[in-house]
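*Asks:* here's a sequence, model it:
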Amino acid sequence: MSSDTHKRTFVVWVEDQPGVLNRVASLFRRRAYNIESLNVGQTHEKGVSRMTVVCHADHDTAKRIEANLYKLVNVLEVDDITHKASLVRDLALIKVHANRETRDEIVRLCEVFRARVVDVGPENLVIEITGAPGKIRGLVTVLEGYGIEEMVQSGAIAMTRGVEPAVDRRNENRPTLVA
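*Replies:* Reported below is the predicted structural model:
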């Protein structure tokens, strides 16, 4: 890969069918492209799922990834949103040790990061934070001193900003009216 290799974000709309995720992941495996983040979920369109795939690639590799994704039968649309105005968010749940002496201090730290406590145990708190990966890393860094007991972080989800016409991906990508 060339020197312009950087993190790329692809949004891939696929048919909601068994085996589609395996086919997409296998494409990346066969071509030796490492997936940094992968998130799959339902959309507002019946029978359509949306994947957000983050990987490192230069311009030429990104074009090859997009072309290869389009070759997969169940892929409806691919959009490399790397250079588009977009919103990218991760979700993390962090279980941190919190006794009576440290609990209030941890809750104040959560407020600074716009995180929230979603579970309170006798000796710990579970914190939920949504945001850019850097924001999550920042909270994790300050919580490490209290003792992180467990953590899970989702892959990125992404959406372009602005007003674009909605597309019916099951009907040859023709724009549809949006209420």
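*Asks:* report the spatially nearest residue to Lys135, omitting neighbours in sequence.
*Replies:* Closest residue to Lys135 apart from its sequence neighbours, by C-beta to C-beta, 6 or more residues apart in numbering: Phe113 at 6.5 Å. C-betas here are computed from N, CA, C, even on glycine.
*Asks:* can I assume the one you found is in contact with Leu139?
*Replies:* Yes - using C-beta atoms under 8 Å, Phe113 is in contact with Leu139, at 4.5 Å.
*Asks:* between those two, which one's more packed in?
*Replies:* When Phe113 and Leu139 are compared for neighbours, Leu139 comes out ahead with 21 against 17, by other C-beta atoms under 10 Å.
*Asks:* contacts only, for the more buried one.
*Replies:* Going by C-beta atoms under 8 Å, 6 or more residues apart in numbering, Leu139 touches 92, 94, 109-110, 113, 115, 127, 129.
*Asks:* where does Val118 fall, helix, sheet strand or coil?
*Replies:* strand (DSSP: H, G, I helix; E, B strand; the rest coil).
*Asks:* when you give positions from now on, start the count at 23
*Replies:* I'll keep to 23 as the first residue from here, and by that count the last item is Val140.
*Asks:* residues in contact with it?
*Replies:* 115, 148-150.
*Asks:* tell me the pLDDT of it.
*Replies:* With respect to pLDDT, Val140 scores 98.
*Asks:* what's the spacing between it and Val118?
*Replies:* 12 Å (C-beta to C-beta, to the nearest Å).
*Asks:* any shared contact partners between these two?
*Replies:* Contacts common to Val140 and Val118, judged by C-beta under 8 Å, 6+ apart, are Ile149.
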